[in-house]
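J.: show me how the following folds:
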Amino acid sequence: MKKLKTLLLILFSLLLLMMSCPLTAFSATAFDIEDGVLISYSGSERSVTIPSEVYYIADSAFEGNSSITSVNLNNTSVIGNKAFANCTSLSVVTSTDKVSSCGAYAFYNTPFQDSYSTKSLVLGSVLVSSSESGGVVIDSSVASIAPYAFVSNEKLTSVFIGDSVFSIGEGAFYGCSALKSVTVSKYVSYIGAFAFEDTPYLSSVEDEFLVLGNGILVDASTSESEVVIPENVRQIASGAFYKNKNIESIVVTEGVTSIGMRAFSECTALKNIDLASSLVSIDNEAFSGCAALQNVVIPKGVKLIGDSAFLGCTSLQTAVLRGSADVPAGLFAGCSSLESVMLSNGITSIGEYAFYNCSSLFEISVPATVESITTSAFSNAGEASVWCKLNSYANSFCEDKDIPSYSIGDANLDGVVNVRDATEVQKATASLVSMSFSANLRGDADFNGEINVRDATTIQKIVAGIE
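T.: Residues are numbered from 1 along each chain as shown. The predicted model follows:
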């Protein structure tokens, strides 16, 4: 009898254990998680609790899941684009207080979002969507407005965005056909592309440059061929000059720190750009499709360049990257006239298809700081030769890929590096001789993007075998 009671007690304890953790014990494999990011969910449970280690739910992780009716976000702080879109049974979302960022259409076509048919849906500090009518004052608890939060709201007439808000997402008020008045706090530090596109408000702006928030150039309607960015601008927002066919030259004034995604994309008449030394970042495709652009110099202060920033600039001939920003994927892809490129110290990698279809490329300098070059970086890149330090990673890469490489320092272009090259640099520094772009590229022995006395010293060290 005692044995039977003991056995029953053990079985009962096991049953309680199984009932207490059905999700964590038996459905954990439904979550595809990498370093705190929930990539996807393949389960069919009706109620789901996001594992505690997840802080980021990736784009489309639950999209189209028709089984889920409720979700506990647990410790989630970032929700990606369309993360729960078209979850047609999802009606309850809990533990939302930690949410600080939410992507576009995260809860699109769900009973949960649809239940906010006449008001704003706020998760944590993010205004996710809004169907409010008339004049709207953004609640003081809101720190950011999600992309497309008010999209196509036909009843919104005015909006007051107060001091608590620092970010307005891409297309936040796109297509709000009755929106005539907008007030934006000076503390707003980010405004996404086309945030006020296709609204009466934007159409009524008479100024050449619409500057909102903390010096953000949101839209430029200028018809001038030569443009100087106003001095009160700190950021050029995504799409600000998109497809402007009039601009031939642009001066980005001191004080501007960033150029947004596609800010000058498809400005097909743009021939010359003068970038400020204050510039820190250039976003994806910022100058893509600028078919008339001929030369570009990236300032030293630039720490980040986005993918395909100069994609398809078919007239571009020379490029100098003086900053330490790595060369991203597709940076100069399709620049069929590009001949010469100077890279500077601090750059550590050259990304995929960076020079893809640069059919005229014949010379590029690569510093010893580069430790990674993708195999596709120079695909269809003509007969390019690489100028680098011997025994550097770039030198080894070229030998492995049968790409011609030569020692940096040949300032007089005679095919060898010797003291005459150092003398040539010294003369150029003293303005006694002028050097061609090729001579500057090959003579820039310290890889800082310009010729000076340090290059002469470095060349002398190379000749002496100590550099």
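J.: number of nearby residues for the residue nearest to residue 322 when sequence neighbours are not counted?
T.: The shortest distance from residue 322 to any non-neighbouring residue, by C-beta to C-beta, 6 or more residues apart in numbering, is to residue 449 (3.5 Å). Placement of C-beta: from N, CA and C, glycine included. Residues near residue 449, counting by other C-beta atoms under 10 Å, number 22.
J.: for residue 176, see how far away residue 449 is.
T.: Between residue 449 and residue 176 the distance is 45 Å, computed by C-beta to C-beta, to the nearest Å.
J.: got the contact list for the residue nearest to residue 322?
T.: 297, 300, 320, 321, 322, 342, 344 (C-beta atoms under 8 Å, 6 or more residues apart in numbering).
J.: for residue 58, same thing?
T.: Counted by C-beta under 8 Å, 6+ apart, residue 58 has contacts 37, 38, 39, 40, 80, 83.
J.: quick check, the third one in contact with residue 32.
T.: Yes. Here residue 39 reaches residue 32: they are 4.3 Å apart, a contact under C-beta atoms under 8 Å.
J.: looking at those two, which one has more neighbours?
T.: residue 39 (16 against 13).
J.: state the phi and psi torsions of that one.
T.: Backbone torsions of residue 39, given as degrees, to the nearest 10, read phi -70, psi -50.
J.: confidence score at the residue nearest to residue 322?
T.: Here the pLDDT value assigned to residue 449 is 89.
J.: got it, and residue 206?
T.: Reading off the model, residue 206 has pLDDT 86.
J.: where does the residue lying closest to residue 177 once chain neighbours are set aside sit: helix, strand or coil?
T.: Leaving out its chain neighbours, the residue that sits closest to residue 177 by C-beta to C-beta, 6+ apart is residue 154, at 5.2 Å. Three-state assignment for residue 154 (DSSP: H, G, I helix; E, B strand; the rest coil): coil.
J.: from residue 346, how far off is residue 154?
T.: 50 Å.
J.: which residue of these two possesses the greater neighbour count?
T.: Counted by other C-beta under 10 Å, residue 154 and residue 346 do not tie: residue 346 has more neighbours, with 18 against 12.
J.: show me what contacts the more buried one?
T.: 323, 324, 367, 369.
J.: redo these as CSV? Include neighbour count, pLDDT and distance to residue 376.
T.: Formatted as CSV, the contacts of residue 346 follow (neighbours: other C-beta atoms under 10 Å; pLDDT from 0 to 100; distance: C-beta to C-beta, whole Å):
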residue, neighbour count, pLDDT, distance to residue 376
323, 23, 88, 23
324, 17, 91, 23
367, 24, 96, 21
369, 18, 96, 21
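J.: so which of those sit within helices?
T.: Of the contacts of residue 346, none are assigned to helices by DSSP state H.
J.: keep only those of those that are in strands.
T.: In strands, defined here by DSSP state E, there are no members of those.
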